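> can you look at this prediction? I've put the sequence above it.
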Amino acid sequence: MTKENATVFIVDDDAGVLKALTRLVSANGYRTQSFTSPREFLAHHDGELPGCAVFDVSMPELDGLALQEALSTPGTQRPVIFITGKGDVPTSVRAMKAGAVDFLTKPVSDKDLLSAIARAIEQDDEDRRNRADLASIETRLATLTPREREVLGHVVAGRLNKQIAGDLGTVEKTVKVHRGRMMEKMGVRTVADLVRIAEKAGVPRLPQR
Amino acid sequence: MSRLLSHTRIAALSLIAVPWFASPPAFAEQAESRILILNSYNYTFPAATAAATGARDRLQQRSPRKIEVDAEYLDMVRFPDPGHERLMADFLRDRYAQRQPNIVLVIGADSLPFVVKHRDSFAPGVPVVFLGVGKESLERIQRPPDVTGHRFDLELNLTETLALAERLQPNARKLFAIAGSGRLDRRWQAIARDVISRRERKFETTYLFDLTYDALAAEVARIPSDAIVLCLSVFRDANGQDFIPAEIANKLAALSPAPFYTPYIDQIGRGLLGGFSETFAAMGGAGADIALEILSGKDPATVPPRPNPRAWYQVDHRAMQRWKLNEANLPPDTVILNKPPSLWEEHRDLVLAALLAFALQTAFVVALLIQRRRRQRAERLLKESEERMTFTAASVNVGLWQLDRTTNALWATEHCRALLGLSKDVALSRDTILEAIHPEDREAAASAIRSIIKTGDATAQDLRFVRPDGEVRWMRVRVRSHSGDGDAPDQLNGIFVDITEQKAIEAEAAVQRQEVTHLMRVSVLGELSGAIAHEINQPLTAILSNAQTALYLLEKDSPDLVEVREALKDIVDEDNRAGEVIQRLRRLLKKGEKSFETIDMNTLVASTILLLNSEMIARRVSVKTELADSLPTIFGDPVQLQQILLNLLMNAMDAMAATPAAERVITILTRSAHIGTVEALVRDRGTGIRAEDQRRLFEPFYTTKDRGLGLGLTICSTILQAHGGRLSLTNDPAGGAVAVLTLPAQEMLIAAQ
């Protein structure tokens, strides 16, 4: 993903600061969208656009942390960089725990800000890809029959066909058929691949007996 | 006079009655009583004369009517023969036939039978009053009922005389009784024998009776000195020689080694010791009393003969001395003759006068002493009082003074001298004090004095005084004029109070107040330090970003110079913005004198909000303003007024800490609600003011905050008062509190000046 494809959303109630930051970011080749009001930002924010957000922490109406929270709903996720006048520890801890990419103190240097933006965009790119993978896995999982889903659970748990057949009260041959269909539907050839995507999708593993 | 008046009144009532009533009293007053005294003795007998005189004096003293006295000495004692009797009777008849007495007064027993016998010839039917007649003599005559008088009790007198002798000579064993050979002498002989024999105490008695004078004198000279001698009477001796008993008694007494007693106390005084009897004058008085009773209309028949109840013991002091007798043995009430008068008795008047003078003098001296003591006490009290006052005045560093305006004389306490730093040798006077006043304050002092004299009101003036060493002291001078006659005040009373320290403290307090105000400002700014840093940080942030952008752009092969210019322009703007913040801060941090200038309240509010912008954002507090369009300007210190706004806004924010963030709104409203005033209201949506805090809001060090000094509102209030404004805090009916800051508009201030 290139800079040109990424958009940096900048929100700061201070017009002067906003203008300067926007100028800096866009001069470095990013697309920018800037807002002096958090509510305005939320009203215009397009989660589909790749990129990151730069929030001032202390703003009237909604502060930066509240904005970060507002971006946690599906479809609006986006890496956030905080810039603040007062680098107070509790606020930064809260922000970082909530997944902030960085917590920068004003006056912020271009290097710090731009590297943070770069990282954030990279992370956004990755997040987006992960979200896309997960979506395809989930789509594939959705095609499985309940029996195939059951078998998947046992396979991921590392059980042999014979054991699975015993558990499910069927014959090994039937298990093999289910297993073959399941592997095909999931688009994997090896058990290792299956385990990886199953973990990604958060499929619960059966407990070891 | 009253009688005449009453008669006149009666006369007015009845004319006929007048002659009848008016004459008898007039006649009675005019009438005189005629008394005929017939003396049994001749005038040579002192006793007889004394009795006659006593009677006459008593009659003239006591009688309501005029008394005319005729007196005849019948000398019956010496001439008891019938020829003399006849002669006397004829004489009296001839003499008093046309001159009838109202009473015949007979002195002595010897004439009484004659008078009884011959009364009808010279005073027929006239009552007879006798005196000095003994019991025996009375018994021997036929007494007609209208003959009465004084009975002379010889027995009683002798008994008492002997009793006196017994008292004075308790150890005497021998008793001598002397009596002559005359008729009365013989009577005494009988009485003496009788009385002596009836005495309880028994004596070896020698009766020297019926002796010749020479024999008697010889006997008397031989009487032992421890004997008692009763000298009764010697009218005639054995040779028939007549004597005056008083004379012979005293003669014999002079010869006697032993004390001589007599039953006739008239004889005492020339040698006789003493005795018991009445005097002849008293005897006369007693007869006269009876005569007066009869004259006043009493029937003589109803008046029996009676003795004189008044008789007494009498002694001669010189005789007492002579015979060495003790006065202590005398019966009470004994009359002592010839006693040398004591100093008191002799010079009684002089002593009295001296005593009186002494007493008066003493009283005067005592009075003077008391007065002196009182005066001393008063003086002491006054002195003490003055000392107390002076001490008290000096203790509280007050000097007292008083100026007499007519003489310019000055009275002042010593402390005045100390206050003015004057040495002992400098006299305190009006001029010294006037000269001590600081040259710059002299005019003020003079005008104050003029005002007091004019209005008479007490005033206080703070004046500087220069001490001789150049030190300047502040004195509060209180002066009151004291009017002598209620017209022109002629006295000025005043006090000096050294208030130099007070002035210094006041100045220091002003400095400290300023200091505290400043410190509070600094403290508010300290609280806001984060926000303020943010305020500066914002432009710095913008500047840095713009600068770095510009640099980045310029590194490009074809730099976008338009953009670079924009960035640089913004840098300048942002720098200015930062500069403004610092300017505001510097103003608030600046320490120093108030500087008043014209202020627009709206501008002040706006700049304050700017200062608090970051803080408000940080605290999630929003501010709404409703600023009046055309607000009068105010005149004041912008820094101090901004301090108030800062304080109120901070309080508002603090009050809303527990308010949900969405509701944390501060409304600032400016208005000119009343002509000549400018108001700024700061309304919050906080917890409001608790009732118990309302009263104490402006109390220093009273705070409702966890970390507050409690000085904020106190200082706000002080600042506003200095601006002629005020601050009120109330609860908003819609919730929260409203602070109303009221200041006079500048035009009002100008108009006022």
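That came through fine. The structure displayed is predicted, hence computed values, not measured ones.
> can you give me every residue that contacts the residue nearest to B:N326 when sequence neighbours are not counted?
Using C-beta to C-beta, 6 or more residues apart in numbering or on different chains and skipping the chain neighbours, the partner closest in space to B:N326 is B:L168 (7.3 Å). In this view, the C-beta of every residue, glycine as well, is placed from N, C-alpha and C. Under the criterion of C-beta atoms under 8 Å, 6 or more residues apart in numbering or on different chains, the contact list for B:L168 reads B:259, B:273-274, B:315, B:320, B:325-326, B:329-330.
> backbone torsions only: list them for B:L168.
As for B:L168, its main-chain torsions (degrees, to the nearest 10) stand at phi -80, psi -30.
> and the gap between it and chain A?
B:L168 sits 141 Å away from chain A, taking C-beta to the nearest C-beta, to the nearest Å as the criterion.
> tell me what B:V466 is bridged to.
When bridges are called by DSSP bridges, B:V466 pairs up with B:V472.
> same check, this time on B:V665
Residues in beta-bridge contact with B:V665 (DSSP bridges): B:S622.
> that one contacts B:T625, doesn't it?
No. B:V665 is not in contact with B:T625 according to C-beta atoms under 8 Å; the separation is 11.1 Å.
> of these two, which one has the most company?
More neighbours surround B:V665 than the other of B:V665 and B:T625, with 16 against 13 (other C-beta atoms under 10 Å in any protein chain shown).
> and stretch B:519-538, which residues are buried?
Residues of stretch B:519-538 classed as buried by neighbour count (16 or more other C-beta atoms under 10 Å in any protein chain shown): B:519-521, B:524-525, B:527-528, B:530-538.
> and these near chain A, which?
Under the cut-off given by C-beta under 8 Å from any C-beta of the partner chain, chain A has B:530, B:533-534, B:537-538 from the buried residues of stretch B:519-538 close to it.
> low-confidence stretches in the chain?
In the absence of a named chain, chain A is used. Scanning chain A for pLDDT under 70 picks out A:1-3, A:87, A:205-209.
> try again with chain B
B:1-31, B:341-346, B:483-489, B:592-594, B:700, B:706-709, B:748-753.
> just give me the longest helix of it.
Secondary structure of chain B per DSSP state H: the longest helix is helix B:348-395.
> chain A too?
In chain A, with assignment by DSSP H, the single longest helix is helix A:110-143.
> for B:L641, give me its contacts.
By C-beta under 8 Å, 6+ apart, the residues touching B:L641 are B:599, B:604, B:634, B:719, B:723, B:743.
> not counting its neighbours along the chain, what's nearest the fourth one?
In other words, B:I719. B:I719's closest residue in space is B:Q640 (C-beta to C-beta, 6+ apart), at 4.7 Å.
> how far away is the one you found from B:Q512?
The gap separating B:Q640 from B:Q512 is 16 Å, by C-beta to C-beta, to the nearest Å.
> same question for A:K111.
When A:K111 is compared with B:Q512 (using C-beta to C-beta), they lie 51 Å apart.
> which one's more surrounded, those two?
Neighbours were counted for A:K111 and for B:Q512 using other C-beta under 10 Å; B:Q512 has more, 12 against 9.
> and the stretch 1-150 of chain B, which of its residues are near chain A?
By C-beta under 8 Å from any C-beta, no part of the stretch 1-150 of chain B sits against chain A.
> the residue nearest the centre of chain A and B:G297: what is the separation?
The residue lying closest to the centre of chain A (C-alpha atoms, centre = their mean) is A:D127, at 3.8 Å. In this view, A:D127 and B:G297 are 172 Å apart by C-beta to C-beta.
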